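Participant: mind folding the following:
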Amino acid sequence: MTESETIYRGADGVLCADVHLRVRYYETDRMGVVHHASYLTWFEEGRSAFTRALGYSYAQMETDGIGLAVTQIEARYLSPARYDEEVVVTTCLHELRSRELSFGYEVRRATDGVLLVTGMTRLVSIDREGRFCRLPEQLLESMKYNLR
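Facilitator: Residues are numbered from 1 along each chain as shown. Predicted coordinates:
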């Protein structure tokens, strides 16, 4: 896995980060096609890369007692990825609130740029006891700053 080192603005002006992945054998079915659930894992890889690029990783959030719980997920499958292909997962911040955020995703085949899957996730911030809480100030500030 390789990821972009920085956040950039996508075509519609939203903040984005990229992760490059090579399809592993265990992510496919007997026909060598990526199983639908693998894309959800790739969305998570994209979110992790996004927060790392902002300078506040998921690992740091957990150390600080904050978790992000997925409350909604959508995926639209357009074309299959296959074993050993390289794909690019683009993760973009679509909405930011004090306790909630949402991301949009595009998964493309790296060799030809064909759009394979689009998706979105909505997450809420929770504390160690599982109660809703405010997103970490460091994350909010870095996202707000970069939203401008």
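
Participant: which helix is the longest one in this protein?
Facilitator: What stands out as the longest helix in the chain, according to DSSP state H, is helix 36-54.

Participant: what about it, average pLDDT?
Facilitator: Computed over helix 36-54, the mean pLDDT rounds to 94.

Participant: who are the packing partners of it?
Facilitator: strand 2-3, strand 15-22, helix 58-63, strand 67-77, strand 86-96, strand 100-109, strand 115-126, helix 137-147 (3 or more C-beta pairs under 8 Å, 6 or more residues apart in numbering; DSSP states H and E). For glycine as for every other residue, the C-beta is placed from the backbone atoms N, C-alpha and C.

Participant: ok, residue 9 touching residue 92?
Facilitator: No: between residue 9 and residue 92 there is no contact under C-beta atoms under 8 Å: 9.2 Å.

Participant: give the intersection of the neighbour lists for the two.
Facilitator: Here residue 9 and residue 92 have 15, 16 as joint contacts, going by C-beta atoms under 8 Å, 6 or more residues apart in numbering.

Participant: so for the two, which residue has more residues nearby?
Facilitator: When neighbours are counted by other C-beta atoms under 10 Å, residue 92 comes out ahead of the other of residue 9 and residue 92, with 23 against 12.
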